[in-house]
Every structure is written in C-alpha cells, then in structure tokens.
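Trainee: have a look at this fold, sequence not included:
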C-alpha cells in the first residue's frame, strides 16, 4: 500500500503543536521569543516544501530546525551590540575592561589545562567561539553523546574546585 501524499496545509497543521512546544522550550536559552523561533522555522519549512518537498521525517526535521534557529539567534545576539546613547560611553572598549576580560579568559583556559583526563579538551570545546553542538563535541572527543553531559558536569565540578581557592585568594 503506497502512502497517501500529505498536503502542505495538513503538514503544517499536524506540526503546529510540536513546533509550539519546541520553540517554547528553546526560546529562553537563546533570548528569543517563541513566536520568533516558530516564524523562522515555518519559513524554512515552506522554503523546503517549495524546493525539496516535505522532509522524510517531519517531526525530527522540525526539532533540528528549531535548535538550529536557536543557535543562529544566540550567535546573532552575540555579534549585535545595543546602541544606547553615545557608543563611546558604553565602556565596552575601555582598555582596562578589555585587559581584565582577557585575563579572566586566560586564567580560565590555564585552569582548564590543569584538569585531569579528557576535561581540558572538553572545556576547550565548550569555550570554543564556534559554539559547537553536543554531537560535534562528542565527535571531536570520540565519546558518546549521552556521556557528554555527565562528563561535562564532572569536569565543571573539578574546574570549580580548582578555581575556588584562586578566587578566594584575591
């Protein structure tokens, strides 16, 4: 028995509850409104329907699309700067602040290198400006994606214990 083709309208109606739930879950983490994420994903789906047709597994495609849009939103927010008043007054380019921020990043990376096992590579991957996904990090470290969360928690605990005496000494 061949499957009956689904119209674009039926696909959109069937995916609406899932998209609403996924966008509501991802929005707080990326600083976006759920409606904005939904709109971006709908647009991507409609573009895909116009060129490639419906995805083979629409719910899976939709989940991945929401996460991709959330990552794009986070990256965009990092690159954009709010201009309030005179840009020279924002203090963002204050040499003292830049030096202190660079020193904090350097201290964090130095401390991460003193961690045991795979922790230095894991922390470095988490601090990467590329903002890799868990799947990408797991691939780089040759570990399963499911063990990445517990490993990350263990490494962050070690890092916290390592940095606590340094912070208290200041």
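Mentor: Received it, and whenever you're ready, just let me know what you need. All of these numbers come straight from a predicted model, not from anything done at the bench. Residues are numbered from 1 along each chain as shown.
Trainee: I'd like to know which helix or strand in the chain has the lowest mean pLDDT.
Mentor: helix 145-168 (a mean of 84; mean pLDDT, DSSP states H and E).
Trainee: now do it: which elements does it pack against?
Mentor: Helix 145-168 sits against helix 95-113, helix 119-126, helix 134-141, with contacts defined as 3 or more C-beta pairs under 8 Å, 6 or more residues apart in numbering; DSSP states H and E. Bear in mind the C-beta positions are built from the backbone N, C-alpha and C, glycine included.
Trainee: what about 6 Å?
Mentor: For helix 145-168, the packing partners by 3 or more C-beta pairs under 6 Å, 6 or more residues apart in numbering; DSSP states H and E come out as helix 119-126, helix 134-141.
Trainee: tell me the helices and strands packed up against the last one.
Mentor: Counting contacts by 3+ C-beta pairs under 6 Å, 6+ apart, the secondary-structure elements packed against helix 134-141 are helix 119-126, helix 145-168.
Trainee: just the residues contacting stretch 121-130, thanks.
Mentor: Stretch 121-130 has contacts (C-beta atoms under 6 Å, 6 or more residues apart in numbering) with 112, 137, 140, 141, 155.
Trainee: okay, which residue is most central for the protein?
Mentor: Residue closest to the average C-alpha location in the chain (C-alpha atoms, centre = their mean): residue 71, at 4.5 Å.
Trainee: which of the helices or strands spans that one?
Mentor: Residue 71 is part of helix 58-79 when elements are defined by DSSP states H and E.
Trainee: buried residues in that helix?
Mentor: Buried residues in helix 58-79, counted by 16 or more other C-beta atoms under 10 Å: 58, 61, 62, 63, 65, 66, 67, 69, 70, 71, 73.
Trainee: on that earlier part again, output the helices and strands packed on helix 145-168 in TSV; the columns should cover mean neighbour count and mean pLDDT.
Mentor: Listed next are the helices and strands packed on helix 145-168 as TSV, based on neighbours: other C-beta atoms under 10 Å; pLDDT from 0 to 100:
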stretch	mean neighbour count	mean pLDDT
helix 119-126	18	90
helix 134-141	15	89
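Trainee: which among the ones you listed is found nearest to residue 23?
Mentor: Across the helices and strands packed on helix 145-168, residue 23 has its closest neighbour in helix 134-141 (19.6 Å, C-beta to C-beta).
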